[in-house]
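Chemist: quick one, structure for this:
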Amino acid sequence: MSDTSQGPGWWQAPNGKWYSPQTPPLHPQHGFPLPPESPGLGYWQAPDGMWFPSDTPPYNPPEPGSSDAPGAAHEGSTSAAASVAVGDHPPPLSMPPAPVKEWYRRTWVVVVALILFFPVGLVLVWLSRWKMPTKIVVTSGVAVLFVLSLATSGSPSKNTNSARTATSSTKVTTQPPTTTTTTEPPTATAPPATAPPTTEPPATAPPSTSPPATGIQVGPGPQAQYTVQWQPAPGSCHYTFVGTDPLPDANCTPGAINPQVTQGNIGSTICLSGYTTTIRPSESVTEPEKVASAAAYSYSGSLHTAEYDHLISLELGGDPNDPANLWVEPNDNPNATSSNNSKDTLENKLHSLVCSGQITLVAAQQAIVVNWIDAYQKYDT
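Modeler: Prediction:
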């Protein structure tokens, strides 16, 4: 490189510098990386590092003494326009249009990809011509948003598990739906087949005491806390009607006595005012039992007028919550508006006779279990 021509073959670049014939201009080829500070494809670089458009070839002045030598006049031209001095620059050329960017490096493409599918967007960020600080800031921001989204999406799952744990620790007793229809007509008595319970299993196992000869069983007696007891399988029990008066199924409801009540202590138990209220189970226990018992007897009438009855009443020493002593008793009065029925009258009468010493406790219990309708005719007339 020189400020002046050194002889034939030397060429002059547009910046006025002279180069030897052995120093050709650098023409970058398409598909190869461009040197730093290249304006883009379509430019060439002179040995001094200057870049020029590809349509601006190096200026090669004619050899001295030729008709095209610097300072020689050209016919038909002015002296100013005809002479080209050593070191003169060629006329300025217009810059060609900037090359078109690849579509995936366009800013709007990168932004849309970041919004719709950020992994692809991040790749395009690093392929774009954005400055390095911008690429780092964008990548960091996307990473922070991704971590926050993971943390947010994990919270509901934890709450759901906690709620599930809390729910599973709470004991819930479901009750079968109540059905209201007309009173079922009498049906024939048939031995039922036992089946699994329809309600929650009892906390206290059924008594193992063998029933007396009369069929009456011995129940577990009063409990500090009652639980819902097993009932016979749906449809396995059958009523026997005498007119409008119902009798229970002896196989499902044979009766059960309270082992804590004997003939010798009736004065401090059943004959003591208010005794039965101290041993009666709550409705939270008897209501689900009543529904299950109605299903066992296929009862489809009103549960409002039907009584969940102790076959041997509590005032006659009946067990408070043994399934063998409880049944859904249809009301013998077709026009009844409550659960009061004729058997309640008999129970009060027998209680009075026992406590007055006119009949024994066992006699009263057997009379009401064998056939409470016959006992009503005998004792309440």
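
Chemist: can you name the element that comes right after the least confident helix or strand in the chain by mean pLDDT?
Modeler: Across the helices and strands of the chain, mean pLDDT, DSSP states H and E gives its lowest value to helix 79-82, namely a mean of 37. Where DSSP states H and E defines the elements, the next helix or strand beyond helix 79-82 is helix 107-116.

Chemist: which elements pack onto the helix or strand harbouring residue 44?
Modeler: Using DSSP H and E, residue 44 falls within strand 43-45. Here strand 43-45 touches strand 51-53, going by 3 or more Cβ pairs under 8 Å, 6 or more residues apart in numbering; DSSP states H and E. From N, CA and C alone the C-beta is placed, and that goes for glycine too.

Chemist: now the strand it packs on: buried residues?
Modeler: 51, 52 (16 or more other Cβ atoms under 10 Å).

Chemist: give the pairing partners of it; include direction for each.
Modeler: strand 43-45 (antiparallel) (DSSP bridges).

Chemist: shaky segments in this protein?
Modeler: 1, 22, 24-40, 48, 57-101, 153-214, 381 (pLDDT under 70).

Chemist: the strands in it, which residues?
Modeler: Along the chain, the segments classed as strands by DSSP state E run 11-12, 18-19, 43-45, 51-53, 217-218, 240-242, 245-247, 256-257, 307-310, 326-329.

Chemist: domain-wise, how is this structure divided?
Modeler: As assigned by automatic domain parsing, the chain contains the domains 1-99, 103-150, 217-379.

Chemist: what about the second one, start to end distance?
Modeler: Across its full length, domain 103-150 reaches 32 Å end to end, with Cα to Cα, to the nearest Å as the criterion.

Chemist: please apply the same query to stretch 260-278.
Modeler: Start and end residues of stretch 260-278 are separated by 13 Å (Cα to Cα).

Chemist: what does stretch 310-328 give?
Modeler: Start to finish, the residues bounding stretch 310-328 are 9 Å apart (Cα to Cα).

Chemist: residue numbering should commence at 250 henceforth.
Modeler: Shifting the count to begin at 250 puts that one at stretch 559-577.

Chemist: how about stretch 592-605: buried residues?
Modeler: By neighbour count with 16+ other Cβ under 10 Å, stretch 592-605 contains the buried residues 592, 595, 596, 598, 599, 600, 602, 603.

Chemist: so which of these sit within helices?
Modeler: 592, 595, 596, 598, 599, 600, 602, 603 (DSSP state H).

Chemist: export those as TSV, with columns for distance to residue 576.
Modeler: What follows is these, written out as TSV (distance: Cβ to Cβ, whole Å):
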residue	distance to residue 576
592	11
595	15
596	14
598	20
599	18
600	20
602	24
603	22
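
Chemist: related to what we said a few turns ago, give me the buried positions along the strand holding residue 293.
Modeler: Using 16+ other Cβ under 10 Å as the test for burial, strand 292-294 gives 292, 293, 294.

Chemist: spatially nearest residue to the first one, not counting backbone neighbours?
Modeler: On the basis of Cβ to Cβ, 6 or more residues apart in numbering, the spatially nearest residue to residue 292 that is not a chain neighbour turns out to be residue 300, at 4.7 Å.

Chemist: I'd say the one you found and residue 291 touch.
Modeler: No: taking contacts as Cβ atoms under 8 Å, residue 300 lies outside contact range of residue 291: 10.2 Å.

Chemist: follow-up on the earlier one: can you say which of the domains of the chain is packed in most?
Modeler: Mean neighbour count, computed with mean count of other Cβ atoms under 10 Å, is highest for domain 466-628 among those, reaching a mean of 19.

Chemist: contacting residues for the spatially closest residue to residue 614 that is not a sequence neighbour?
Modeler: Leaving aside its chain neighbours, residue 614 sits nearest to residue 561 (5.2 Å; criterion: Cβ to Cβ, 6+ apart). Residues near residue 561 by Cβ atoms under 8 Å, 6 or more residues apart in numbering: 465, 504, 505, 506, 567, 568, 574, 614, 617, 618.

Chemist: how close does the fourth one sit to residue 470?
Modeler: Distance, residue 506 to residue 470, using Cβ to Cβ, to the nearest Å: 9 Å.
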